[in-house]
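Student: requesting a structural model of the entry that follows:
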Amino acid sequence: MMQPNNFQNKYLETQVQTASPVQLINMLYDGAVKFAHLAIAGIRENDIAKKTTNIIKVEKIIIELRNSLNFNQGGEIAKNLDKIYDYMYTTLMDANDQNDTSKIESVIKEILIIKDGWQAVLRDYATGFNKQAPSAQPAPAYSRPAGYGQGGGGPSAAQTPKPAYGNQNPIQGLNLSC
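Tutor: Residues are numbered from 1 along each chain as shown. Here you go, the predicted model:
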């Protein structure tokens, strides 16, 4: 008989294998926030193992997000995301060394800002944001659609969005189980 944790792991594995690229990126952001909150709890409970384990999980997610950036196609947006991810990673290392919950909370805020902005762009694409240019070609399907589009309801036909992520699976190889 499978243990409850095995069911959860199998369910997560199935989610990852069947998820769209959009869902995969959302899963990474959600996982990073979840583990960051667990790390904060570890600091408050004076549980070094809980703090360290969960900060490392967030760091691994940040590393995967950074490694998945495609600088050729993502241009300036990919470069900016890389800088933000670098800031997050460094802040997490400091938080781990200093048991500083405010540093982890800062990373959570940054993750949520990126996730919210990315989701707004995706909603714009899903709802046909560019009604002023009906002849515009639909945006191509991206394997990692994070980091494209720049405010103002999305790009015009002349500003084809550039994905910041390559074709890598950013979740592959991560241990996201609790």
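Student: now do the buried residues in the lengthiest helix in the chain.
Tutor: Using DSSP state H, we find that the single longest helix of the chain is helix 71-98. Under the neighbour-count criterion of 16 or more other C-beta atoms under 10 Å, helix 71-98 has 73-74, 77-78, 81-82, 84-85, 88-89, 91-92, 95-96 buried. C-betas here are computed from N, CA, C, even on glycine.
Student: make CSV from those and add pLDDT and distance to residue 66 to it.
Tutor: Output for those, formatted as CSV (pLDDT from 0 to 100; distance: C-beta to C-beta, whole Å):
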residue, pLDDT, distance to residue 66
73, 87, 15
74, 84, 12
77, 88, 14
78, 89, 10
81, 93, 8
82, 95, 6
84, 96, 9
85, 96, 4
88, 97, 9
89, 97, 8
91, 97, 14
92, 98, 13
95, 97, 18
96, 97, 18
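Student: list just the nearest of those to residue 50.
Tutor: Among the buried residues of helix 71-98, residue 96 lies closest to residue 50 (C-beta to C-beta), at 11.9 Å.
Student: what distance do you get for the closest one to residue 85?
Tutor: 17 Å (C-beta to C-beta, to the nearest Å).
Student: tell me the helix or strand right after the longest helix of the chain.
Tutor: Remark: after helix 71-98, the chain's next helix or strand is helix 101-126, criterion DSSP states H and E.
Student: what's the angle from that next one to helix 71-98?
Tutor: Orientation note: helix 101-126 sits at an angle of 160 degrees relative to helix 71-98 (axes from the mean of the first three to the mean of the last three C-alpha atoms, to 10 degrees).
Student: could we number from 6 for the rest of this?
Tutor: Will do, 6 is the new start, and the previous item becomes helix 106-131.
Student: no further queries at this time; thank you.
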